[in-house]
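In: make a model of this:
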Amino acid sequence: MAIEHARIRAVRKPWGSIDLRPWSNMRNDGIAVGELWFQRPAINAPDPALLLKLLFTTEPLSIQVHPDDAFAQSIGLEHGKTEAWYILSATPGAKIAIGLKRRLTTAQLRASIGDGSISDLVQWRRVLKDDVIFVPAGTIHAIGPGLVIAEIQQRSDATFRLFDHGRQRELQVDNAVAAADAGPPQPQSVPRRLTDARTLLVDSPQFVWERIDLPPKSNWELDAEHETWVLVLEGCARIGLTNAFVGEAIFLEADGASIEVGPEGMKCLIAYLGPKPRSNLLQNLDGWSAGSPLRDQPSTPSHHRAIAGSPVRSMEARS
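Out: From the prediction side, this is the model:
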């Protein structure tokens with residue numbers, strides 16, 4: 001049983017940002033921070049299955065791919081990495097890349113990595129605040145500059161670079177070619193309302209991601225049967241015995257927590273283990289309906305606008 005105020009670990013990256021506000025007021029002495037990782041507060045606590053983080057980009061990241069569980073295990077890793085992004089802010093024209101413009105053969109993919117033409121084959125698309133992007137393992141992808149992103153992922157450091165913008169770092173060509181689905185991306189699911197308070201963003205075998213919008217001064221009960229992460233985007237609330245503000249996260253497992261929402265309401269992201277959204281995740285305690293009950297409905301593929309610290313034991317290799 002656990003209800004914990006997550007500690008934050010800053011990860012320095014040359015493509016990161018010096019100013020992390022409003023998501024963090026930490027002093028970084030003028031050194032760019034690319035990622036904020038949310039960790040359980042006890043150093044010796046078991047690693048969760050999921051990793052929640054914030055990304056801050058001022059330069060383009062490498063074009064890369066993550067393996068699925070089967071390929072990861074074939075090379076001695078515990079599991080692969082599927083992830084999803086929620087765009088917290090985007091400068092005008094900011095872009096992400098997901099998938100390729102056309103399908104390549106294995107030989108064509110290898111050649112495009114060798115001569116750098118892979119950079120012209122990825123599908124770049126503009127993104128806006130509140131867009132959602134699901135990145136299944138095997139999807140070739142990249143993140144451009146000018147973005148702040150909340151990311152949920154399988155806890156894994158399995159990242160294979162295909163192109164690195166001339167930074168002279170190693171490319172993992174063999175593993176990238178073996179792990180990649182060298183074609184256009186899968187259709188993204190449209191976020192859909194589950195109740196007045198809950199919007200389903202992503203449901204996958206690895207995790208479910210929801211956005212929660214709670215009205216001012218309302219009271220709720222959160223049932224975290226399994227590992228669950230809460231990230232506050234707007235407003236504040238008291239979750240269990242902990243006050244949670246913008247940019248802070250709460251970790252829960254095998255426990256329930258009361259949520260007392262502040263005077264400005266609260267908007268947050270909630271991630272928990274998949275594959276399906278939980279009907280009893282959130283209950284209103286004020287005696288009024290929180291919306292229609294959750295029904296089991298398949299996600300509908302669509303090309304909708306919403307495309308869609310201290311040392312740690314598992315180091316993320318995104319760069």
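
In: can you give me the helices in the stretch 151-300 of the chain?
Out: 173-179 (DSSP state H, counting those that start in this stretch).

In: tell me what the one helix or strand residue 125 maps to is packed against?
Out: According to DSSP states H and E, residue 125 maps onto strand 122-126. Packing partners of strand 122-126 (3 or more Cβ pairs under 8 Å, 6 or more residues apart in numbering; DSSP states H and E): strand 95-100. Backbone N, C-alpha and C define where each C-beta goes, glycine included.

In: list of residues touching the helix or strand that the strand it packs on is followed by?
Out: In the C-terminal direction, the helix or strand that comes right after strand 95-100 (DSSP H and E) is helix 106-115. Helix 106-115 has contacts (Cβ atoms under 8 Å, 6 or more residues apart in numbering) with 104, 117-118, 121, 162-163, 171, 173, 176-177, 180, 182.

In: residues of stretch 78-94 that come out buried?
Out: The neighbour-count check on stretch 78-94 (16 or more other Cβ atoms under 10 Å) flags 79-88, 90, 94 as buried.

In: for it, C-alpha coordinates in PDB please.
Out: Only the C-alpha atoms of stretch 78-94 are listed here, as PDB (Å, rounded to 0.1, in the frame of the first residue of the first chain):
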ATOM      1  CA  GLU A  78      13.500  -7.300 -19.300                       C
ATOM      2  CA  HIS A  79      11.000  -5.600 -21.600                       C
ATOM      3  CA  GLY A  80      10.600  -3.000 -24.400                       C
ATOM      4  CA  LYS A  81       9.300   0.500 -24.400                       C
ATOM      5  CA  THR A  82       5.900   1.800 -25.500                       C
ATOM      6  CA  GLU A  83       5.300   5.400 -24.600                       C
ATOM      7  CA  ALA A  84       2.800   8.300 -25.000                       C
ATOM      8  CA  TRP A  85       3.100  12.000 -25.000                       C
ATOM      9  CA  TYR A  86       0.800  14.800 -23.800                       C
ATOM     10  CA  ILE A  87       1.800  18.300 -25.200                       C
ATOM     11  CA  LEU A  88       1.900  20.700 -22.300                       C
ATOM     12  CA  SER A  89       3.100  23.700 -24.400                       C
ATOM     13  CA  ALA A  90       4.300  24.200 -27.900                       C
ATOM     14  CA  THR A  91       5.900  27.200 -29.600                       C
ATOM     15  CA  PRO A  92       4.300  28.200 -33.000                       C
ATOM     16  CA  GLY A  93       5.300  25.600 -35.600                       C
ATOM     17  CA  ALA A  94       6.600  23.000 -33.100                       C
END
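
In: residue 8 and residue 33 touch, don't they?
Out: No - contact criterion Cβ atoms under 8 Å: residue 8 and residue 33 do not qualify, at 10.3 Å.

In: what does stretch 235-244 rub up against?
Out: For stretch 235-244, the surrounding residues in contact (Cβ under 8 Å, 6+ apart) are 3, 5, 214, 216, 222, 230, 232, 245-246, 250, 252, 257-262, 264-268.

In: that one: end-to-end distance?
Out: Terminal residues of stretch 235-244 are spaced 9 Å apart (Cα to Cα, to the nearest Å).

In: from the chain's centroid, how far away is it?
Out: How far stretch 235-244 lies from its chain's middle: 22 Å, per Cα atoms, centre = their mean, to the nearest Å.

In: could you do stretch 190-210 as well?
Out: Centre-to-centre, stretch 190-210 and its host chain are 13 Å apart (Cα atoms, centre = their mean).

In: among the contacts of stretch 235-244, which lie within strands?
Out: 3, 5, 214, 222, 230, 232, 250, 252, 257-262, 264-268 (DSSP state E).

In: among these, which ones are buried?
Out: Using 16+ other Cβ under 10 Å as the burial test, the ones in strands among the contacts of stretch 235-244 include 3, 5, 214, 222, 230, 232, 250, 252, 257, 259-262, 265-268 as buried.

In: any chance of the buried residues of stretch 78-94 in CSV with pLDDT as columns?
Out: Formatted as CSV, the buried residues of stretch 78-94 follow (pLDDT from 0 to 100):
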residue, pLDDT
79, 95
80, 97
81, 98
82, 98
83, 98
84, 98
85, 98
86, 98
87, 98
88, 98
90, 98
94, 98
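
In: strands - which of the residues you listed land there?
Out: 83-88, 90.

In: distance to residue 68 added to the residues you listed, as CSV?
Out: As requested, these are arranged in CSV below (distance: Cβ to Cβ, whole Å):
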residue, distance to residue 68
83, 12
84, 15
85, 18
86, 22
87, 25
88, 27
90, 29
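
In: ok, so of those, who is nearest residue 154?
Out: Nearest to residue 154 among those, counting by Cβ to Cβ, is residue 83 at 7.2 Å.

In: so how far is residue 98 from the closest one?
Out: Per Cβ to Cβ, to the nearest Å, residue 83 is found 11 Å from residue 98.
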